[in-house]
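Chemist: Predicted model follows, preceded by the sequence.
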Amino acid sequence: MPFVLLGLAIAFEVTATLSMRASEGFTRFGPSALVVAGYLVSFFFMAKALTSLNVGPVYAIWSALGTIGAFVGGVLLFDEQVRPLTVAGAVIIVLGVIVMNLGGGVSQG
């Protein structure tokens, strides 16, 4: 169950981040409201997941998958360019999360 909560936290965080881009500097109400609601719900699910998982690796997974999700969402929704260096950065982020999990991992407490 904690990994489901973490997945929900990631999904809401990505939604909030992409909504921030769509809010056009918080000048559009709908996307601006999604930013606030998305981050609140994301932090709620993250806090629930952290009641039984290790904070370091979980935060690494949350931020890394959120970064990858925002990158992919930006490409798909906002026609942002994909550059080789950007893809390399995304791969490095994922490798970092793998290394963190090998070093201590996510365990239920």
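Modeler: On my side now, so go ahead.

Chemist: ok, and for the helix or strand of the chain with the lowest mean pLDDT, which residues are buried?
Modeler: Sorted by mean pLDDT, DSSP states H and E, the helices and strands of the chain end with helix 84-103, the least confident at a mean of 88. By neighbour count on 16 or more other Cβ atoms under 10 Å, the buried set for helix 84-103 is 90, 93, 97, 100-101. Backbone N, C-alpha and C define where each C-beta goes, glycine included.

Chemist: Which secondary structure state does residue 81 sit in?
Modeler: With DSSP: H, G, I helix; E, B strand; the rest coil as the basis, residue 81 sits in coil.

Chemist: how close does the closest residue to it other than its chain neighbours get to residue 1?
Modeler: Once flanking residues are discounted, residue 81 sits nearest to residue 75: 7.8 Å by Cβ to Cβ, 6 or more residues apart in numbering. From residue 75 over to residue 1 the distance is 32 Å, taken as Cβ to Cβ, to the nearest Å.

Chemist: returning to that earlier point: verify the contact between the residue nearest to residue 81 and residue 82 for me.
Modeler: Yes. Assessed by Cβ atoms under 8 Å, residue 75 is found in contact with residue 82 at 5.7 Å.

Chemist: Overlap in contacts, those two.
Modeler: With contacts defined as Cβ atoms under 8 Å, 6 or more residues apart in numbering, no residue is shared by residue 75 and residue 82.

Chemist: tally of neighbours for residue 10?
Modeler: With neighbours defined by other Cβ atoms under 10 Å, the count for residue 10 comes to 22.

Chemist: now it, nearest residue through space, not along the chain?
Modeler: residue 65 (4.8 Å).

Chemist: what's the answer for residue 68, then?
Modeler: Excluding its sequence neighbours, the residue lying closest to residue 68 (Cβ to Cβ, 6+ apart) is residue 90, at 5.6 Å.

Chemist: Let me see the contact set for that neighbour.
Modeler: Taking Cβ under 8 Å, 6+ apart as the test, what residue 90 contacts is 67-68, 71.
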